[in-house]
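1. what would the 3D arrangement of this be:
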Amino acid sequence: MTIKNRESGFSVGDLVEVIEDNIRGEIKAINGNIALVTTTDGFDLEFECKALVPQLDQQPLNLSAAQQKQREFSRETKLKKKRKIQPRREKVIPPMEVDLHIEKLVKDHHRLLPHEHLEIQLERAKRSIDLAIQKRLPKLVLIHGVGEGVLKTELQFLIGRYDGLRYEPADYQKYGQGATLIHLSQKASRW
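-> As a prediction, the model looks like this:
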C-alpha cells in the first residue's frame, strides 16, 4: 500500500533526488514534512520534503489528465507543423471577352457603311460593359483589332463616360495590340 503525503506530493517508494546535494534514493517513510530516504549507497537519511525532487528519468510517470492532454497537444502541434500548409488559392475569374470585329457581330456586313459598322460595334461594347457591371465582373476584354484605331479611340471615350472603370492594353501575348482590358470596380456605374 502506497502512502502519499498530501502536502509534499511524495509517496513511500518514490525515487527522489536531494536538490542541493548529489544524493539519490528511495523514500522509505514519510512523517509530516520529513521523509526518510534510503540512498543508493545504502544509508538512511532524513530530509525535508521541500528539499526533494522526483527522479523523473528512473521513475514511471503517473501523469494527471491535464498533463496527458498537454502531451497530446504537443504531439498534435508537432504533426501540424510537419504538414505543409498550402496558401489559400484566390478565385481567379477569367475576364469576359467580347470580340467587336464586325464579321462576328453581323452576318451580312458588306452592305453596311463604315459609320454603321462603328455604331454597331460601339453599341455591342456598351451593352457588354453594362452587363459586366450588372454581373459585378472584375474584368472585361474588348477585342477591337488594330486597324486605323478609330474604334479603339471611340472605346476609350465610351469607357471614360463610366465611373469606376479604368482601362489598359490587354495581354499582348494572348491578344496582340488589338484588345483593351477594362478593370471594373465594385462601385462602377454608368454616367
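
2. quick check: which ranges of this structure have low pLDDT?
-> 1-8, 56-70, 73, 77, 79-86, 188-191 (pLDDT under 70).

3. which stretches in it count as helices?
-> 65-82, 102-105, 114-134, 150-160, 172-175 (DSSP state H).

4. how about the ones you listed in TSV, adding mean neighbour count?
-> Every C-beta, even on glycine, is put in place using the N, C-alpha and C of the backbone. Formatted as TSV, the helices of the chain follow (neighbours: other C-beta atoms under 10 Å):
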stretch	mean neighbour count
helix 65-82	10
helix 102-105	14
helix 114-134	16
helix 150-160	16
helix 172-175	10
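
5. got JSON lines for those, with distance to V16 too?
-> JSON lines is the format used below for the helices of the chain (distance: least, C-beta to C-beta, whole Å):
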{"stretch": "helix 65-82", "distance to V16": "19"}
{"stretch": "helix 102-105", "distance to V16": "90"}
{"stretch": "helix 114-134", "distance to V16": "78"}
{"stretch": "helix 150-160", "distance to V16": "83"}
{"stretch": "helix 172-175", "distance to V16": "76"}
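
6. so which of these gets nearest T40?
-> helix 65-82 (27.2 Å; C-beta to C-beta).

7. next, the buried residues of the longest strand that the chain contains.
-> Among the segments of the chain that qualify as a strand by DSSP state E, the longest is strand 179-189. Across strand 179-189, burial judged by 16 or more other C-beta atoms under 10 Å covers 179-182, 184, 188.

8. tell me the strands beside it, with direction?
-> Next to strand 179-189 in the sheet, as set by DSSP bridges, lie strand 139-143 (antiparallel), strand 163-169 (antiparallel).

9. single out the most deeply packed of those.
-> Mean neighbours per residue, mean count of other C-beta atoms under 10 Å, is largest over those for strand 139-143, with a mean of 21.

10. please write out the alpha-carbon positions of that strand in PDB.
-> Taking C-alpha atoms only, strand 139-143 is exported to PDB below (Å, rounded to 0.1, in the frame of the first residue of the first chain):
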ATOM      1  CA  LYS A 139     -12.500  42.500 -65.800                       C
ATOM      2  CA  LEU A 140     -13.700  42.800 -69.400                       C
ATOM      3  CA  VAL A 141     -11.700  42.400 -72.600                       C
ATOM      4  CA  LEU A 142     -12.900  44.200 -75.700                       C
ATOM      5  CA  ILE A 143     -11.200  42.800 -78.800                       C
END
